[in-house]
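> can you look at this prediction? I've put the sequence above it.
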Amino acid sequence: MNEIDQLSEFLQKLTPLSRSCLLSELERLELCGIDMPGSSDVQAKLRAEFRKDGSSQARATNPSRYFFAPLELLLIDGAPEHANMGRISRNTLTPIWEWICRDLLPTMARDYIKAINDQVTANNPKEVLKIASIFQIKVVKVLESTLASAESTEFARGKLAQYTASRTAFDDVKKMQHVLRAGAALPKFNEKLPEKITKFDDGQVAKIIAQLDAFKKVHPEALPFALTLLARRLKTSWELVRLATRPAASKSAADVAAAPYACVVHMALDRLDDKRLALRIALRHNRVLVARDLLTEIYDTEYALRVRIDGIEHCEWGIRLQQLMDAIAALVSAEVSRFPSNVGHILGSRRLRSHDTLGGKLSYLAWKGRDVIGDGAAAFRKLIGQT
């Protein structure tokens with residue numbers, strides 16, 4: 001028996017759920033830059049079984065797909081092994097589902113799967129949604145009990161670790177809990193948002209903040225997910241930062257950090273880290289044009305953070321921003337150095353930094369002039385308040 005036959009025999013001994021989990025884990029490791037000998041052959045076999053459309057991203061099977069449906073707009077493809085406020089990695093859904101079925105609620109999960117399959121066969125979508133909703137509530141209640149103590153939490157974390165080595169998988173479980181607990185509130189918030197926010201100006205920011213205030217009052221733990229839904233409607237995700245900078249007393253890092261929605265700066269940095277990972281993968285596969293577009297977005301985000309938050313370099317946000325930009329610069333440098341010095345590389349072009357152009361510098365001066373007026377007005381208001 002050759003190695004391919006041995007591999008096929010081994011895979012067939014696993015349950016379908018375990019094979020699906022294995023595929024997600026191998027893809028996660030690849031996206032993290034970890035090379036596994038023979039991984040490509042295993043992935044090809046498993047994709048042929050689970051991805052009839054040839055997709056390279058994990059897609060849940062029917063019963064779990066209905067269970068995870070409320071998370072769909074919050075999912076991020078890839079495998080970010082870092083904090084990602086308001087978003088959940090798609091690749092963790094399969095191991096989380098296996099953990100639910102085998103350890104958290106094995107009997108109820110088995111009954112749920114049978115009930116879903118029966119109703120899908122009977123073409124009864126309303127009943128399918130009802131069954132999924134009931135099971136979601138049961139999982140939330142069990143999670144509340146499971147995570148009530150440090151001891152049971154660590155036990156659950158250890159059980160989940162049997163299905164994935166991802167450092168963020170357990171955090172995704174807690175995020176899932178918050179989303180499911182919020183129920184219909186998130187979809188309702190999403191429906192009230194404009195279809196597309198092309199201009200996130202002061203008036204629009206004020207309207208959105210009013211909506212967020214009302215949502216946060218009832219579902220504070222689900223706020224990051226409401227912000228994620230908002231980010232989908234914006235022209236660029238870094239514009240979320242305006243929720244913190246617009247209401248702040250000034251542009252200083254301390255005043256922005258004191259704003260009610262200062263967490264959006266962390267979210268902007270999380271997305272910058274996502275782009276760093278995507279850039280690494282693009283360069284690894286010689287997708288230079290994809291890398292160029294990613295790098296342009298990265299530079300725009302960096303510029304927006306630095307120009308809108310004074311003194312950011314001296315705070316925690318600035319330290320993380322600089323670490324990310326240093327890591328990105330190392331990736332770009334390694335790529336550019338592969339070519340002779342007399343051959344220009346598209347990733348080394350200054351045009352990728354739009355703020356270095358004449359138009360960009362004029363925009364910067366306009367911003368600074370506006371800041372002088374705004375800061376002067378803020379100082380005057382403070383002076384009046386003290387007298």
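In hand now; what should we look at? Note that this is a predicted model, so its numbers are computed, not measured. Numbers count the residues shown, from 1 in each chain.

> rest of the way, CA atoms for contacts and neighbours
Fine.

> distance of the nearest residue to L75 once chain neighbours are set aside relative to P70?
Nearest residue to L75, sequence neighbours excluded (Cα to Cα, 6 or more residues apart in numbering): I88, at 4.9 Å. In this view, I88 and P70 are 12 Å apart by Cα to Cα, to the nearest Å.

> more neighbours, the two?
Residue environment comparison for I88 versus P70 gives the larger neighbour count to I88, 27 against 20, counting by other Cα atoms under 10 Å.

> can you pull the contacts of that one?
By Cα atoms under 8 Å, 6 or more residues apart in numbering, the contact list for I88 reads 71, 74-76, 172, 175-176.

> same list, those residues, but as JSON lines with secondary structure, pLDDT and distance to L212 please.
Formatted as JSON lines, the entries for the contacts of I88 read as follows, by DSSP: H, G, I helix; E, B strand; the rest coil; pLDDT from 0 to 100; distance: Cα to Cα, whole Å:
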{"residue": "L71", "secondary structure": "helix", "pLDDT": "96", "distance to L212": "19"}
{"residue": "L74", "secondary structure": "helix", "pLDDT": "95", "distance to L212": "17"}
{"residue": "L75", "secondary structure": "strand", "pLDDT": "92", "distance to L212": "21"}
{"residue": "I76", "secondary structure": "strand", "pLDDT": "89", "distance to L212": "22"}
{"residue": "D172", "secondary structure": "helix", "pLDDT": "95", "distance to L212": "23"}
{"residue": "K175", "secondary structure": "helix", "pLDDT": "96", "distance to L212": "18"}
{"residue": "M176", "secondary structure": "helix", "pLDDT": "97", "distance to L212": "20"}
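
> what segments of the chain are strands?
Under the criterion DSSP state E, the chain carries strands at the ranges 75-76, 88-89.

> quick check: Q211 vs N190, distance?
Plainly put, Q211 is 10 Å away from N190 if you go by Cα to Cα.

> so for these two, which residue has more residues nearby?
Between Q211 and N190, counted using other Cα under 10 Å, N190 has the larger neighbour count: 18 against 15.

> which one of the strands of the chain lies nearest to A258?
In terms of Cα to Cα, the element of these nearest to A258 is strand 88-89, at 26.7 Å.

> per-residue confidence for L365?
For L365, the model assigns a pLDDT of 48.

> many thanks, I have nothing further to ask.
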